[in-house]
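Undergrad: Please find the sequence and the predicted model below.
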Amino acid sequence: MLIIDTHADTLHRRALHPGSDLDITPDGLRRGGVSVQTMALFVGGSPALEDIARCFDAMWLAGKQMEEEGLPRLTDYRDAHEGQSAFIYSVEGCDLLNGDLALLTAWREKGVRMAALTWNYENCVGTPAKIDGHAPLKPFGRDAAREMARLGIAIDTSHLNQRGFFDLLDMGLIPLASHSCCAALCGHCRNLTDDQLKALFEAGGYVGVNFYPWFLSDDGRADLDTVCDHILHMLALGGEGHVGFGSDFDGIECKPRGLTGPQDVPALLAALKRRGLTEAEVRGIAGENLLRYYDRIDPRM
């Protein structure tokens, strides 16, 4: 079974906190059967562009070190193979674009296959949910989103506000949310409303369900079944074929009981089967749904 995770902050942890314990290791990926782990290049703890640039440089180096340690890097999720673990780059926060669309081409050439328009800082592209839910996508943000679509870089709406989210759909684009949960089940501002989820699924988009307990439950208590609750809620809103995993490992300080790293993903798959999902549905959620999403946004010739 192909297993794909659309978000983790391991590069940031390795680059900025060397020697710290990691949720994700090559051994953990292999033990969990994870085929592709998405590794985010995260803007980091400062909105200053020079600080973000230094942070990115350190994370590119961390990625090269992971390759040297024997974890292969892919440039297309559709090159994944069962029984083999690899990683792929994403970007979390497009602050560094700073009005320069050419940087998107450079990212694509380095293997970036999805990019979150914002993190928690307002930038040249848009406004995060944490700051203002009503601010529209900025004019340069519209240009950047169109260029990302042209390049086959998935437009990631996790952290983006509601107005910017719907602006993308109104433009006819097909975004994803790499690590988000259901606002109907947990009221955190980072989660997606039922209206957002329905619209995203109707457009052909995708959601990777986040494993952060405070996005899963209002009281911060979560286990395998709590993650399943969010997945099943999305399926009930039309998400069949459009939902998967976006763990946020190495970016979260606590985890659901029984789900502390990639080695535990098989237990989540088993929990989904206990909740009544078919083998085909579980295979889709594990990884195949994401591959079909990329077929929609970046068809291979």
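TA: Received, thanks. Since we're looking at a predicted model, the values are computed, not measured. Numbering: from 1, shown residues only.
Undergrad: tell me the contacts of the residue positioned nearest the centre of the chain?
TA: The residue lying closest to the centre of the chain (Cα atoms, centre = their mean) is residue 178, at 2.4 Å. In this structure, residue 178 makes contact with 6-7, 38, 90, 114, 116, 154, 156, 158, 208, 246, judged by Cβ atoms under 8 Å, 6 or more residues apart in numbering. Where you see a C-beta, it was placed from the backbone N, CA and C, and this is true even at glycine.
Undergrad: Checking it next. Helix, strand or coil?
TA: Of the three states, residue 178 takes strand according to DSSP: H, G, I helix; E, B strand; the rest coil.
Undergrad: okay, it: pLDDT?
TA: The predicted local confidence for residue 178 comes out at a pLDDT of 98.
Undergrad: any idea which of the contacts of residue 178 is closest to residue 190?
TA: The shortest approach to residue 190 among the contacts of residue 178 belongs to residue 158, at 7.4 Å (Cβ to Cβ).
Undergrad: Could you report the neighbour count for the closest one?
TA: Other residues within reach of residue 158, judged by other Cβ atoms under 10 Å, total 30.
Undergrad: Go ahead and confirm residue 46 touches residue 52.
TA: Yes. Under the criterion of Cβ atoms under 8 Å, residue 46 is in contact with residue 52, at a separation of 7.0 Å.
Undergrad: For stretch 68-82, measure first residue to last.
TA: Using Cα to Cα, to the nearest Å, one end of stretch 68-82 lies 21 Å from the other.
Undergrad: Over to stretch 11-20?
TA: Between the start and the finish of stretch 11-20 there is a gap of 12 Å, counting by Cα to Cα.
Undergrad: Output the longest helix belonging to the chain.
TA: Among the elements of the chain assigned as helix by DSSP state H, the one spanning the most residues is helix 49-68.
Undergrad: Report the separation between the residue nearest to residue 193 when sequence neighbours are not counted and residue 205.
TA: Distance criterion Cβ to Cβ, 6 or more residues apart in numbering; nearest residue to residue 193, sequence neighbours excluded, is residue 183 at 4.7 Å. Relative to residue 205, residue 183 is positioned 16 Å away (Cβ to Cβ, to the nearest Å).
Undergrad: Looking at the two, which is more packed in?
TA: Higher neighbour count among residue 183 and residue 205: residue 205, with 26 against 19, using other Cβ under 10 Å.
Undergrad: Provide the backbone phi and psi angles at that one.
TA: Listed backbone geometry of residue 205 is phi -80, psi -170, with angles given as degrees, to the nearest 10.
Undergrad: That one touches residue 294, doesn't it?
TA: No. Using Cβ under 8 Å, residue 205 is not in contact with residue 294, being 11.8 Å away.
Undergrad: The helix or strand hosting residue 167: which residues count as buried?
TA: Using DSSP states H and E, residue 167 sits within helix 162-170. Of the residues in helix 162-170, those scored as buried under the neighbour-count criterion (16 or more other Cβ atoms under 10 Å) are 162-169.
Undergrad: Reformat the residues you listed as JSON lines; add distance to residue 192 and pLDDT.
TA: JSON lines is the format used below for those (distance: Cβ to Cβ, whole Å; pLDDT from 0 to 100):
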{"residue": "162", "distance to residue 192": "9", "pLDDT": "98"}
{"residue": "163", "distance to residue 192": "14", "pLDDT": "98"}
{"residue": "164", "distance to residue 192": "13", "pLDDT": "98"}
{"residue": "165", "distance to residue 192": "8", "pLDDT": "98"}
{"residue": "166", "distance to residue 192": "11", "pLDDT": "98"}
{"residue": "167", "distance to residue 192": "15", "pLDDT": "98"}
{"residue": "168", "distance to residue 192": "13", "pLDDT": "98"}
{"residue": "169", "distance to residue 192": "12", "pLDDT": "98"}
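Undergrad: From those, pick the one nearest residue 15.
TA: Proximity of the buried residues of helix 162-170 to residue 15 (Cβ to Cβ) peaks at residue 164, which lies at 28.2 Å.
Undergrad: related to what we said a few turns ago, separation between the residue nearest to residue 193 and residue 160?
TA: Note on residue 183: its distance to residue 160, by Cβ to Cβ, is 14 Å.
Undergrad: Now do the SS call for residue 120.
TA: The assignment at residue 120 comes out as coil when based on three-state DSSP.
Undergrad: how far away is it from residue 161?
TA: From residue 120 to residue 161 the distance is 11 Å (Cβ to Cβ).
Undergrad: okay, those two: which has more neighbours?
TA: More crowded of residue 120 and residue 161, by other Cβ under 10 Å: residue 161, with 25 against 14.
Undergrad: on that earlier part again, so for residue 120 and residue 161, which residues contact both of them?
TA: When Cβ under 8 Å, 6+ apart defines a contact, the residues bordering residue 120 and residue 161 alike are 128, 131.
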